[in-house]
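Colleague: sequence unavailable; structure follows:
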């Protein structure tokens, strides 16, 4: 065996299927990360893996350790990223009207930049995929410019991406949502992925990350609840002002109401951070004259900076926790083993 102190050796092209990578980034080198390879051996913490009285440590010379952009890796580097156990984050967005003052790409820019911000913070733990640009927006088609993807096509498309990732070996996948009406579809996609692949998939709305620290929103939000933060509102306008302020039509910023919120019904109301127990969501044009749902006039770029930094921080925290969380163990409670495959394309126990 080579001297384990020789840190210039490259990772072998093929590794044991049970390989687990541990270690930290050598931040003095942009293209290198020291990793330790478990070949079914016992760990020698901080040094490598012990075979008898010897320790084996490899150095991976690869951008996989320091690059957070999925599409910038080569296929050999994807293999390295899989071995590093990186979490894949897929921003899921929409091209949709956001009133007279915001461009159509609000739901693209916000989750994409938050994901990239987290990627820059912890590149050794995550990969950000190219954004899935189109979403379910059929209810907004009365406003020109909106692009709708049929919900079945959306589900099939995003699920295809998730299954591809799981097939290549990425077993932790996050769907970072940027559009409210994508949520029921993303929830179903994640549920299906968890039953139809051997990976784990979790959907997260970027604005929900602002609720992790219970003190953040009370100290940030000035608009009324419910309704002040809903769509092209105090939150979305603030974040876009911070991320791409030159493309905000500042002379067109005007708050808008959600007509059924004005009924003050305890049953039917909506906000980004909550909804009534029986809220009726139909054509957007039936409850909004401008497409603005909320207090856009309260938006500032400084608020946007604070929201961005909080969302990035909490996403990075979540990724760090999710990456190393052990997978829950499934159990089969049939008295007699089933005699046919699980229906609906789901995976049998133990596969």
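Modeller: Yep, that arrived. Keep in mind it's a predicted model, so treat the numbers as computed, not measured.

Colleague: from the chain's centre, how far out does stretch 159-172 sit?
Modeller: In terms of C-alpha atoms, centre = their mean, to the nearest Å, the centre of stretch 159-172 is set 14 Å apart from its chain centre.

Colleague: contacting residues around it?
Modeller: Applying C-beta atoms under 8 Å, 6 or more residues apart in numbering, the contact partners of stretch 159-172 are 78-79, 81-82, 85-88, 90, 127, 129, 132, 173, 175, 189-190, 192-193, 196-201, 322-323, 327. The way it works is simple: take the backbone N, C-alpha and C, and place the C-beta from them, glycine included.

Colleague: what sits against the residue most central in space within the chain?
Modeller: The centroid of the chain falls nearest to residue 176 when counting by C-alpha atoms, centre = their mean (2.8 Å). For residue 176, the contacting residues are 89-92, 111, 114-115, 204, 206, 315, by C-beta under 8 Å, 6+ apart.

Colleague: counting neighbours, what do you get for the residue nearest to residue 142 when sequence neighbours are not counted?
Modeller: Sequence neighbours aside, residue 285 is the residue nearest to residue 142 in space, at 3.9 Å (criterion: C-beta to C-beta, 6 or more residues apart in numbering). A count of nearby residues for residue 285, using other C-beta atoms under 10 Å, gives 15.

Colleague: would you mind measuring from residue 285 to residue 197?
Modeller: 39 Å (C-beta to C-beta, to the nearest Å).

Colleague: stretch 238-247: which residues count as buried?
Modeller: 238-244 (16 or more other C-beta atoms under 10 Å).

Colleague: ranges for the helices of the stretch 101-250 of the chain?
Modeller: Using DSSP state H, counting those that start in this stretch, the helices of the stretch 101-250 of the chain run over residues 106-121, 151-168, 183-196, 216-220, 234-244.

Colleague: the stretch 251-351 of the chain now?
Modeller: Along the stretch 251-351 of the chain, counting by DSSP H, counting those that start in this stretch, helices occupy 301-323.

Colleague: returning to that earlier point: mark which of the contacts of stretch 159-172 are buried, thanks.
Modeller: Using 16+ other C-beta under 10 Å, the buried members of those are 78-79, 81-82, 85-88, 90, 127, 129, 132, 173, 175, 189-190, 192-193, 196-197, 199-201, 322-323.

Colleague: from the residues you listed, which land in strands?
Modeller: 87-88, 90, 127, 173, 175, 200-201 (DSSP state E).

Colleague: skipping adjacent residues, who's closest to residue 289 in space?
Modeller: Of all residues not flanking residue 289 in the chain, residue 256 sits nearest, at 7.2 Å (C-beta to C-beta, 6+ apart).

Colleague: who touches that neighbour in this structure?
Modeller: Shown in contact with residue 256 (C-beta under 8 Å, 6+ apart): 99, 232, 288-294, 296.

Colleague: so which of these comes closest to residue 183?
Modeller: Using C-beta to C-beta, residue 293 comes nearest to residue 183 of the contacts of residue 256, at 15.9 Å.

Colleague: thought the closest one was touching residue 234?
Modeller: No. With contact defined as C-beta atoms under 8 Å, residue 293 does not count as touching residue 234 (10.6 Å).

Colleague: and residue 322, how close does it get to residue 199?
Modeller: Noted for residue 322: a distance of 12 Å to residue 199, by C-beta to C-beta.

Colleague: what pLDDT does residue 35 get?
Modeller: Turning to residue 35, the model gives it a pLDDT of 43.

Colleague: 9 is where my numbering starts, stick with that
Modeller: Shifting the count to begin at 9 puts that one at residue 43.

Colleague: so what's the residue count around the closest residue to residue 89 other than its chain neighbours?
Modeller: Spatial nearest neighbour of residue 89, excluding adjacent residues (C-beta to C-beta, 6+ apart): residue 72 at 4.2 Å. Using other C-beta under 10 Å, residue 72 is surrounded by 24 other residues.

Colleague: shouldn't residue 72 be in contact with residue 83?
Modeller: No. At 10.9 Å, residue 72 does not count as touching residue 83 under the criterion of C-beta under 8 Å.

Colleague: on that earlier part again, any chance of the helices of the stretch 109-258 of the chain in TSV, with distance to residue 146 and mean pLDDT too?
Modeller: Below are these laid out as TSV (distance: least, C-beta to C-beta, whole Å; pLDDT from 0 to 100):
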stretch	distance to residue 146	mean pLDDT
helix 114-129	15	98
helix 159-176	8	98
helix 191-204	12	98
helix 224-228	30	98
helix 242-252	20	98
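
Colleague: quick one: which of those helices is nearest residue 288?
Modeller: helix 191-204 (15.1 Å).

Colleague: please name the nearest non-neighbouring residue to residue 235.
Modeller: residue 269 (4.5 Å).
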